[in-house]
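Asks: only geometry, no sequence info:
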């Protein structure tokens, strides 16, 4: 086989019958690299095992000192102190109720499902999940779906297909929040109970749910919601015709 000049020059640096120690071998890899991209190095190890037997399967992971060369996105579904810890650790997206609020804002009546886009995102999702059910990549795919350049009906169909694997009950929670928001809007329109805060639909919905629970004398549920809001650092002030809230 005929080889080019770069290959021949690199081959001259390698002694075929010599056994190199790891550090020397890696230095040689760097010296013989000529491509304009990061080249791949393969490591072949003779372990003396028979991989056909379940008790002799070998798997492992290596943390590369400079990463993989790809931009890593960290997305966390968390609330309260866990959400603050995720933000402090550098997560690009952190949410729980916030994620549900984004889904609740989608309009199911906005267009018809684009089957081609649905198929494309399903395939991407399965690739990201991989064979080992990589749920962290699956959660990242949720936010990608929300940013998809398609109509809301298609986005909801995509999210529904994802949730069948992730089992986060996203659409059910979003539907409940949408209903609570509708009740809040109705109450405001009728001059009844109003919620004022810092412009977070998710918190507004919870405060409204607390009001509905108190109205139906389900005080245990009202206390549960109050404690949930308190855990998120939300302070509620009740008034005659509504409630206000703020983060403390």
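Replies: Everything's here; your move. Keep in mind that what you see is a predicted model, and the values were worked out from it rather than measured.

Asks: In three-state terms, label residue 211 for me.
Replies: In three-state terms, and counting by DSSP: H, G, I helix; E, B strand; the rest coil, residue 211 is helix.

Asks: Find the nearest non-adjacent residue to it, please.
Replies: If the residues on either side of it in the chain are set aside, residue 211 comes closest to residue 193, at 5.3 Å by CB to CB, 6 or more residues apart in numbering. Heads up, the C-betas are built off the backbone N, CA and C, glycines and all.

Asks: Next: residue 102.
Replies: Nearest non-adjacent residue to residue 102, counting by CB to CB, 6+ apart: residue 146, 5.6 Å away.

Asks: wait, isn't that neighbour in contact with residue 103?
Replies: Yes: counting by CB atoms under 8 Å, residue 103 is a contact partner of residue 146 at 7.4 Å.

Asks: Who are the contact partners of residue 54?
Replies: With contacts defined as CB atoms under 8 Å, 6 or more residues apart in numbering, residue 54 has no neighbours.

Asks: Can you check the pLDDT for it?
Replies: Here the pLDDT value assigned to residue 54 is 83.

Asks: Tell me the spacing between residue 162 and residue 34.
Replies: According to CB to CB, to the nearest Å, residue 162 and residue 34 sit 43 Å apart.

Asks: just residue 81 next, same as before
Replies: Applying CB to CB to residue 81 and residue 34 gives a distance of 51 Å.

Asks: Check residue 6 too.
Replies: Distance, residue 6 to residue 34, using CB to CB: 5 Å.

Asks: likewise residue 196?
Replies: Going from residue 196 to residue 34 by CB to CB gives 66 Å.

Asks: what's the helix or strand that contains residue 162 packed up against?
Replies: For residue 162, the enclosing helix or strand under DSSP states H and E is helix 152-166. In this structure, helix 152-166 packs against helix 115-129, helix 135-146, helix 170-189, with contacts taken as 3 or more CB pairs under 8 Å, 6 or more residues apart in numbering; DSSP states H and E.
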